[in-house]
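# I would like the atomic coordinates for the input below:
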Amino acid sequence: MPTKFYLGDVVRLRKQHPCGSDTWEVMRVGMDFRIRCQGCGRVVMVPRPRFERSVKAILKRGIDEPGPLG
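Residues are numbered from 1 along each chain as shown. Coordinates of the predicted model:
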C-alpha cells in the first residue's frame with residue numbers, strides 16, 4: 001500500500017540539502033510536492049515519483065491520520 005503524505009508532515013530525505021539539513025516540511029501534496037527545508041527555509045517543487053523514492057522516514061505527521069471510517 002502506498003504511503004500517504006499530508007500537509008505539514010516533516011520527512012527525512014535520503015540526500016542532504018547543501019545547507020546540511022535532511023529534514024523537510026510538506027507544503028503541497030499532489031502530482032508535485034512543494035517542500036521547505038527545515039535548515040535554511042528554501043522551498044522546492046519535486047515531482048511525486050521522485051519525492052516518494054527519496055523519502056527515508058516520516059518524522060512528524062502534520063495531521064492525525066483518519067480512522068478506518070474516514
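# And the helices in the chain?
Assigned by DSSP state H, the chain shows helices spanning 48-54.
# which intervals of it have sub-threshold pLDDT?
1, 64-70 (pLDDT under 70).
# list the contacts for residue 57?
By CB atoms under 8 Å, 6 or more residues apart in numbering, the residues touching residue 57 are 11, 12. Any C-beta I mention is one placed from the backbone N, CA and C, and that applies to glycine too.
# Specify the beta-bridge partners of it.
Under the criterion DSSP bridges, residue 57 forms beta bridges with residue 12.
# What of residue 24?
Under DSSP bridges, the beta-bridge partners of residue 24 are residue 11, residue 37.
# Touching, residue 43 and residue 26? I think so.
No: between residue 43 and residue 26 there is no contact under CB atoms under 8 Å: 11.3 Å.
# Looking at these two now, which is surrounded by more residues?
Using other CB atoms under 10 Å as the criterion, residue 43 and residue 26 rank with residue 26 on top: 20 against 12.
# my guess is the more buried one meets residue 8, correct?
Yes: counting by CB under 8 Å, residue 26 does reach residue 8; the two are 6.6 Å apart.
# shared neighbours of these two, anything?
Common neighbours of residue 26 and residue 8 (criterion: CB under 8 Å, 6+ apart): residue 62.
# what touches both of residue 43 and residue 26?
Shared contacts of residue 43 and residue 26, defined by CB under 8 Å, 6+ apart, are found at 34, 35.
# mind listing the strands for this protein?
10-13, 23-28, 32-37, 43-47, 55-60 (DSSP state E).
# Mind checking the ones you listed for the one nearest to residue 4?
Residue 4 lies closest to strand 55-60 among these, at 9.8 Å (CB to CB).
# could I get the closest one in PDB with only the CA atoms?
Output in PDB follows, covering the C-alpha atoms of strand 55-60 (Å, rounded to 0.1, in the frame of the first residue of the first chain):
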ATOM      1  CA  VAL A  55      11.700   9.800   1.500                       C
ATOM      2  CA  LYS A  56      13.600   7.800   4.100                       C
ATOM      3  CA  ALA A  57      11.300   8.400   7.100                       C
ATOM      4  CA  ILE A  58       8.300  10.400   8.200                       C
ATOM      5  CA  LEU A  59       9.400  12.200  11.400                       C
ATOM      6  CA  LYS A  60       6.200  14.000  12.300                       C
END
